[in-house]
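1. Below is the sequence, then the predicted model.
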Amino acid sequence: MKLSDFRFELPESRIARFPSDKRSGSKLMVVNRGTGEISHHIFSDLPSLLDKNDFIVMNNTKVDPVKIFVHVGEKRVELLITKKLSENMVECFALPAKRMKKGTVFSIVNGKSGKVEAEGERGRRILKLNFSLEELFENGYAPLPPYIKRKYDEANQHRAFDLKRYQTIYSKNPGSIAAPTAGLHFDEDLLEIIKEKNEILEVTLSVGPATFQKIEVENINEHKMGIENIRIEKSVSNRINYLKTCNKNLLAVGTTSVRSLETFASENPMEEDFSSGIFISPGFKFKMVDKLLTNFHLPESSLFILVSSFAGLGLMKKAYQIAIDREYNFFSYGDVMLII
């Protein structure tokens, strides 16, 4: 299929810059793959929409505060730290990259500084720090996607809010540079209600650049996903396999959970820790996931392609247009869809 098949027009007004006042107060669209029926709810309705045979798998990764503002002279540069290379070396994306040439010295607060060691494509940079990564993160911000458009003053104003809200309440394992956003809608009270009827299991996929990398080929079969690290504890994988043999329905919370589970099902790794470069596109045979909870995604993204593979491109385009017409909010801080 062509990348352009997954294009749709989205008014900028539908891109959420802030989440709902209450996590579970987001709008929830339910899409039935079998009948094509679409209904509209609030996320707090989720317990009543779950079947007693459903069990839930969610990604418990924790987002690191990897968005950093540094100074080059009197100019400000935004960094997204993507990888720790050593105790004082990191990889990042710089914006604007033209201010971070090889050899450039930059500074953050308290007189701490670093230097650009190497340049890469698309704003990628290797940095050498004269302080620890932990000290860098002390000055970090939530790595909100660029379409939320938090300039420095606004990012600074909402720093504490974003550090809390751009994080699931069940996050445990550090290492992600973006949130598994479908999980942002759960609050403590709702989880307790769900646990009364439905079992919840946790996996970990450390979200990296692969999740949001731009697809740059028209023939999507030529797209190569980057690699991300996954951990599924043996007790969890054994429990998932057992529940599936009991004809229970697996509801995956978010596309990262889907990629974790389907990688496990297709590769059957022997270790609890493994990696995945899986790209799920139409024609993919899902072995694990029966239902999917997911936010509304960017056009022509690997995430929209994944949900279209699960539910069908035609049905997804129809659902997305209805969401636009009914003023659902899109993307990371937006509303959510349950595909059954």
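-> Here it is on my side, so go on.
2. buried residues in the helix or strand of the chain with the lowest mean pLDDT?
-> One helix or strand of the chain scores below all others by mean pLDDT, DSSP states H and E: helix 133-137, with a mean of 89. Buried positions in helix 133-137, judged by neighbour count with 16 or more other CB atoms under 10 Å: 133, 136. Where you see a C-beta, it was placed from the backbone N, CA and C, and this is true even at glycine.
3. Averaged pLDDT, the lengthiest strand in the chain. What do you get?
-> For the chain, the strand with the greatest residue count under DSSP state E is strand 75-84. Mean per-residue pLDDT for strand 75-84: 95.
4. Outside of the helix or strand that that strand is followed by itself, list whatever touches it.
-> Counting by DSSP states H and E, the next helix or strand C-terminal to strand 75-84 is strand 89-95. Contacts to strand 89-95, defined as CB atoms under 8 Å, 6 or more residues apart in numbering, come from residues 68, 77-85, 100, 117, 122-129, 133, 136, 146.
5. if we can go back for a sec, helices or strands up against the helix or strand just after the least confident helix or strand of the chain?
-> Following helix 133-137 in sequence order, the next helix or strand is helix 152-157 (DSSP H and E). With contacts taken as 3 or more CB pairs under 8 Å, 6 or more residues apart in numbering; DSSP states H and E, helix 152-157 sits against strand 67-72.
6. I'd like the average pLDDT over the strand it packs on.
-> Averaging pLDDT along strand 67-72 yields 95.
7. now swap in stretch 312-327 and tell me
-> 98.
8. Return the set of buried residues in it.
-> Buried-residue list, stretch 312-327, by 16+ other CB under 10 Å: 312, 313, 315, 316, 317, 319, 320, 323, 324.
9. what helix or strand is residue 315 on?
-> Per DSSP H and E: residue 315 is located in helix 313-325.
10. now that helix, how far from the chain's geometric center?
-> 21 Å (CA atoms, centre = their mean, to the nearest Å).
11. for the helix or strand that that helix is followed by, packing partners?
-> Next helix or strand after helix 313-325 toward the C-terminus (DSSP H and E): strand 336-339. In terms of contacts (3+ CB pairs under 8 Å, 6+ apart), strand 336-339 is packed against strand 27-31, strand 291-295, helix 302-311.
12. I'd like these as a markdown table, with mean neighbour count and distance to residue 157 appended.
-> Output for the helices and strands packed on strand 336-339, formatted as a markdown table (neighbours: other CB atoms under 10 Å; distance: least, CB to CB, whole Å):
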| stretch | mean neighbour count | distance to residue 157 |
| --- | --- | --- |
| strand 27-31 | 20 | 26 |
| strand 291-295 | 24 | 24 |
| helix 302-311 | 23 | 29 |
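13. between those, which gets nearest to residue 225?
-> When the helices and strands packed on strand 336-339 are compared by CB to CB, helix 302-311 sits nearest residue 225, at 6.7 Å.
14. what does the closest one rub up against?
-> Helix 302-311 is contacted by residues 6, 31, 33, 211-213, 215, 220, 223, 225, 255, 258-259, 279-284, 286, 289, 292, 294, 297-298, 316-317, 319, 337, 339 when judged by CB under 8 Å, 6+ apart.
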